[in-house]
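A.B. asks: model this:
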Amino acid sequence: MDAVAGLLDALPPQMRDPVLFAIPFFLLLLILEWTAARRLEHLDSQRSPAGAYQRRDAWASLSMGLVSVATTAAWKAGALLGYAAIYAYLAPWQLPADRWYTWVIALLGVDLLFYTYHRVAHRVRLIWATHQAHHSSRYYNFATALRQKWNNSGEILMWIPLPLLGVPPWMVFASFSVNLIYQFWVHTERIDKLWRPIEFVFNTPSHHRVHHGMDPEYLDKNYGGILIIWDRMFGSYQDELFRPHYGLTKQVETFNIWTLQTHEYVAIARDVRRARRWRDKLGYAFGPPGWSPRPVGDGPAVSPTEASAAAAPST
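C.D. replies: Numbering: from 1, shown residues only. Okay, the predicted model is just below:
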């Protein structure tokens, strides 16, 4: 730990990712929740008790989170050059980093753009392929919060308006790290609904449990990062009516982290390769998850991937 701290101290202050400093607290909360879940497992033998952990599932989430730290750093390093060029040569003005309003613009801007990206990620299959790994756990706990994607290209592109508006690039990255750290604590079933004014403005565990639910009432709802007001404003809000069932609508029966990250890309490639018309190929890639061609005759159309899954023996 001293060596890591030394390396962080050697970096310029604006390059020290707050997420790295938050990792020990993430692990502490995870251990506390895990211990509580193990002690309460006997309360529900029919279904996993609230906040329960499954060992292999939790280790898969932790492993994906560790890889994500490295991949996210690589994506940010590449984006830094582009953001710096936009900030220096294209931005009509450069906002001062030592003023409070610049932080307000950065934090609110990142949160609104996160909402936008998050909503697109659930509606465009090629982008969903990067995000679905986060939803692949049937458990909802702090370990699930660490089950992060490895491809941040969509978010990197989504943040471009901020340096274009004069927000210093390092503040964009710092604001996203704050956003990510905030979202850790909402991945728990140990916290019930909070005071109504907080529930109205902020993303809370109750709101985010809905987002992770695979129940029809909960699908594609509550995309907010820090603030839930974006969902209320843009019609994607759903209150928590009952305890959700978690995971994907078509579960991936594996704990292999490479498969969890890449299986949807493989499915897209399979559907695109088998489609005969170009518009169908584009639909499989850029349509919403579950999209299939408009039926030519009677009866619903089924995608090649869905047909293969239906024919395969259950496991």
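
A.B. asks: Buried ones in the helix ranked longest in the chain, by neighbour count?
C.D. replies: Counting residues, the longest helix found in the chain (DSSP state H) is helix 55-85. Neighbour-count burial for helix 55-85 flags 57-58, 60-65, 67-68, 71-72, 75-76, 79-80, 83 (criterion: 16 or more other CB atoms under 10 Å). Just so you know, the C-beta spots here come from the backbone N, C-alpha and C atoms, and that holds for glycine as well.

A.B. asks: from the middle of its chain, how far away would that helix be?
C.D. replies: 12 Å (CA atoms, centre = their mean, to the nearest Å).

A.B. asks: Pretty sure Val210 sits in a strand.
C.D. replies: No. Val210 is assigned helix when assessed by DSSP: H, G, I helix; E, B strand; the rest coil, not a strand.

A.B. asks: Do I have it right that it meets Ser236?
C.D. replies: No. The pair Val210 / Ser236 is not scored as a contact, 10.5 Å apart, by CB atoms under 8 Å.

A.B. asks: Of these two, which one has the most company?
C.D. replies: The residue with more neighbours, out of Val210 and Ser236, is Val210; 22 against 19, by other CB atoms under 10 Å.

A.B. asks: contacting residues for that one?
C.D. replies: With contact taken as CB atoms under 8 Å, 6 or more residues apart in numbering, Val210 is in contact with 218, 221-222, 238-240, 244.

A.B. asks: Touching stretch 152-172 from outside, list them.
C.D. replies: Counting by CB under 8 Å, 6+ apart, 14-15, 71-72, 75-76, 78-80, 82-84, 86-87, 90-95, 97, 102-103, 105-106, 109-110, 113-114, 116-117, 120-121, 127, 130, 176 sit against stretch 152-172.

A.B. asks: Now the common contact residues for Val210 and Ser236.
C.D. replies: With CB under 8 Å, 6+ apart, Val210 and Ser236 have common neighbours 221-222.

A.B. asks: ok, residues contacting the helix or strand following the longest helix of the chain?
C.D. replies: Later in the chain than helix 55-85, the nearest helix or strand by DSSP states H and E is helix 100-121. The contact list for helix 100-121 (CB under 8 Å, 6+ apart) reads 95-96, 127-128, 130-131, 154-155, 158-159, 161-162, 165, 167-168, 171-172, 174-176, 178-179, 220, 223-227, 230-231, 234, 236.

A.B. asks: Emit the PyMOL select command for whichever of the residues you listed are buried.
C.D. replies: Here is the PyMOL command that selects the buried residues among those (16+ other CB under 10 Å):
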select buried, resi 95+127+128+130+131+154+155+158+159+162+165+167+168+171+172+174+175+176+178+179+223+224+225+226+227+230+231+236
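
A.B. asks: Next, Gln238: secondary structure please.
C.D. replies: coil.

A.B. asks: you'd agree it is up against Lys221?
C.D. replies: Yes. With contact defined as CB under 8 Å, Gln238 and Lys221 form a contacting pair (3.7 Å).

A.B. asks: Can you list phi and psi of the spatially closest residue to Pro288 that is not a sequence neighbour for me?
C.D. replies: Nearest residue to Pro288, sequence neighbours excluded (CB to CB, 6 or more residues apart in numbering): Arg123, at 5.0 Å. When read as degrees, to the nearest 10, the backbone of Arg123 gives phi -120, psi -10.

A.B. asks: Arg123: neighbour count?
C.D. replies: 15.

A.B. asks: Asn222 in helix, strand or coil?
C.D. replies: coil.

A.B. asks: repeat for Ser292
C.D. replies: Per three-state DSSP, Ser292 ends up coil.

A.B. asks: For Arg274, see how far away it is.
C.D. replies: Noted for Ser292: a distance of 12 Å to Arg274, by CB to CB, to the nearest Å.

A.B. asks: neighbour count winner among these two?
C.D. replies: More neighbours surround Ser292 than the other of Ser292 and Arg274, with 19 against 15 (other CB under 10 Å).
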